[in-house]
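> I would like the atomic coordinates for the input below:
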Amino acid sequence: MEWLSEPFGFDFMRAALAGGIIAAIACALLGVHLVLRGMSFLGDALAHAALPGVVTAQMLGISLLVGAFSASLATALLVAWIARRRAVSEDSSLGVAYTGMFALGIVLLNRVGSYRDLAHLLLGNLLGITWSEVAIMAGLLVGIVLILALCHRQLLATTIDPHYCTRIGCNADLTRMVLLVLCAATIVMGIRVAGVVLTSAMLITPAATARLLDWRLVPTQVLAASISVLAIFVGLLLAYHLDLSGGAAVVLVLTAVFLIVRVGTALRQRSPASE
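Next up, the predicted model:
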């Protein structure tokens, strides 16, 4: 029990746990929608597209998270505009937008000339989360949950059949735009935990794991959020006791849980009782 409780005797560990749980829940809720829509690539793309915003914020001396959100949001809006009226597929528009933004970030990073100052956002710094950041993240989570609840019917309809959604009066383009904006806000929290490089794992891995266990939207979201919270707790323990990167430890736990569930479901499908 001391092995479990000792790390959280420190204030920075309690802040990391609170912030990590908030980010994990937000990423899990949005990640399920992305997996159901076949948009797993979106999370990785928007996270990498945040790079020019992070570098610009560093150059201007403002909050790096503000810069990350601005760049991710700009990319999301650009993707929605390029893919408008299906002139270009969403995957293609996403590829064009995110690679362009990431290239811009690399150019700006060369101008700054200091990778070390940005390493904590590129690779994550879960143990460096402050209580003020926890408060901001909590506010973002409340807003995300409220919007998801208000748009639940539209999001579900556009996921199942976008054409049917249009026939019953839903605006599929507006719904997609709302989802992209929510993803941009969620990715900012994910970057704070796991960095630009690993944020997509926070979005996709819990959702993919939960989908192996249930096919319904809300139960899948609950399962994904539970898996994510468990990974934050275990990842923090591993980071503290083994001196590991907090974000990387969380992602490794998520990956291990996915593999365990995948093997378990495969064995269950092959067992005589399932035939």
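> I'd assumed residue 29 was in contact with residue 145.
Yes. Contact criterion Cβ atoms under 8 Å: residue 145 and residue 29 qualify, at 7.1 Å. Glycine gets a C-beta too; all of them are placed from N, C-alpha and C.
> between the two, who's got more neighbours?
Set residue 145 next to residue 29 and count neighbours by other Cβ atoms under 10 Å: residue 29 wins out with 23 against 13.
> give me the nearest residue to the more buried one, chain neighbours excluded.
Excluding its sequence neighbours, the residue lying closest to residue 29 (Cβ to Cβ, 6 or more residues apart in numbering) is residue 221, at 5.4 Å.
> is the one you found part of a helix or strand, or is it coil?
Following DSSP: H, G, I helix; E, B strand; the rest coil, residue 221 is assigned to helix.
> read off the pLDDT value for residue 254.
Residue 254 carries a pLDDT score of 95 in this model.
> look up how far residue 82 lies from it.
Plainly put, residue 254 is 31 Å away from residue 82 if you go by Cβ to Cβ, to the nearest Å.
> pick out whichever of those two has more residues nearby.
residue 254 (27 against 16).
> can you find the helix or strand in this structure with the smallest mean pLDDT?
helix 162-167 (a mean of 66; mean pLDDT, DSSP states H and E).
> skip ahead from that one and say which helix or strand is next.
Using DSSP states H and E, the helix or strand that follows helix 162-167 in sequence is helix 172-213.
> figure out how far that next one is from the centre of its chain.
3 Å (Cα atoms, centre = their mean, to the nearest Å).
> and residue 38, helix, strand or coil?
Going by three-state DSSP: residue 38 is coil.
> pLDDT score for it?
81.
> might you report the residue contacts of it?
Neighbour list for residue 38: empty [criterion: Cβ atoms under 8 Å, 6 or more residues apart in numbering].
> what's it sitting at in phi/psi?
Backbone torsions of residue 38, given as degrees, to the nearest 10, read phi 70, psi 30.
> what about it, distance to residue 203?
Taken as Cβ to Cβ, the span from residue 38 to residue 203 is 14 Å.
> and if you look at residue 108?
From residue 108 to residue 203 the distance is 25 Å (Cβ to Cβ).
> hmm, back to that, wait, what's in contact with the residue nearest to residue 29?
Taking Cβ under 8 Å, 6+ apart, we find residue 221 in contact with 28, 29, 32, 210.
> one more time with 10 Å, if that's ok
For residue 221, the contacting residues are 25, 28, 29, 30, 31, 32, 33, 148, 206, 207, 210, 214, by Cβ atoms under 10 Å, 6 or more residues apart in numbering.
> what helix or strand is the second one on?
With elements delineated by DSSP H and E, residue 28 resides in helix 11-36, which encompasses its position.
> and the next helix or strand past that helix?
Downstream of helix 11-36, the first helix or strand assigned by DSSP H and E is helix 40-49.
> remind me what that following helix packs against, helices and strands.
helix 11-36, helix 64-82, helix 90-112, helix 172-213 (3 or more Cβ pairs under 10 Å, 6 or more residues apart in numbering; DSSP states H and E).
> how does it look with 6 Å?
Helix 40-49 sits against helix 64-82, helix 90-112, helix 172-213, with contacts defined as 3 or more Cβ pairs under 6 Å, 6 or more residues apart in numbering; DSSP states H and E.
> contact partners of the second one?
Applying Cβ atoms under 6 Å, 6 or more residues apart in numbering, the external contacts of helix 90-112 come out as 45, 48, 49, 51, 52, 55, 75, 78, 79, 82, 83.
> just give the nearest non-adjacent residue to residue 72, would you?
That would be residue 184: by Cβ to Cβ, 6+ apart, it lies 3.9 Å from residue 72.
> just residue 213 next, same as before
Nearest one to residue 213, counting by Cβ to Cβ, 6+ apart, is residue 223 at 5.7 Å.
> from the middle of its chain, how far away would the strand or helix carrying residue 139 be?
Residue 139 belongs to helix 131-150 when assigned by DSSP H and E. Centroid displacement of helix 131-150 relative to its chain, using Cα atoms, centre = their mean, is 14 Å.
> and the angle from it to helix 11-36?
Using axes from the mean of the first three to the mean of the last three Cα atoms, to 10 degrees, one finds that helix 131-150 and helix 11-36 are set 30 degrees apart in direction.
> moving C-terminal from helix 131-150, which element do we reach first?
helix 152-160.
> great, nothing more from me.
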